[in-house]
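Colleague: My questions concern the predicted model and sequence given below.
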Amino acid sequence: PYSSDIDQFMVNYLSVMERYKSDTKLFPQGVTPENHLNISALPWVNFDSFNLNVANFTDYFAPIITMAKYQQEGDR
């Protein structure tokens, strides 16, 4: 559970990570709350574009934030 106290937040976070670290389900903790947000980051991978395919998710339109890195290539 969320805690505004950073020390307690980290204890909770590490506990959840340990519990689910080997789980392969998309949502290992069960149903996600309505106020959730998806964040993905792959700054160590080079790619030219990103395409999100969510097959058979007709009622799943949560906000999704995807981050990467910029790199210099020639004069661009």
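Modeller: That came through fine.

Colleague: contacting residues for the residue nearest to the spatial centre of the chain?
Modeller: Nearest residue to the geometric centre of the chain (CA atoms, centre = their mean): I39, 3.6 Å. For I39, the contacting residues are 64-67, by CB atoms under 8 Å, 6 or more residues apart in numbering. Glycine gets a C-beta too; all of them are placed from N, C-alpha and C.

Colleague: okay, those in a markdown table with distance to M17 next?
Modeller: A markdown table is the format used below for the contacts of I39 (distance: CB to CB, whole Å):
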| residue | distance to M17 |
| --- | --- |
| I64 | 21 |
| I65 | 20 |
| T66 | 21 |
| M67 | 20 |
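
Colleague: Tell me where the chain has strands.
Modeller: With DSSP state E as the criterion, the chain has strands at 38-41, 64-67.

Colleague: Show me what the first one pairs with in its sheet, parallel or antiparallel.
Modeller: Next to strand 38-41 in the sheet, as set by DSSP bridges, lie strand 64-67 (parallel).

Colleague: Check what contacts the partner strand and list those residues.
Modeller: Residues contacting strand 64-67 (CB under 8 Å, 6+ apart): 37-43, 50, 52.

Colleague: Including pLDDT, could these go into TSV?
Modeller: Shown next, in TSV, are the contacts of strand 64-67 (pLDDT from 0 to 100):
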residue	pLDDT
L37	80
N38	78
I39	80
S40	79
A41	79
L42	79
P43	80
F50	73
L52	72
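
Colleague: Check those residues and tell me the two furthest apart.
Modeller: Distance extremes for the contacts of strand 64-67: the farthest pair is L37 and P43 at 18.7 Å, using CB to CB.

Colleague: what pLDDT does Q72 get?
Modeller: On the pLDDT scale, Q72 is placed at 82.

Colleague: what's the burial count for it?
Modeller: Applying other CB atoms under 10 Å, we find 6 residues neighbouring Q72.

Colleague: Let me know the distance separating W44 from I6.
Modeller: Using CB to CB, to the nearest Å, we find W44 at a distance of 27 Å from I6.
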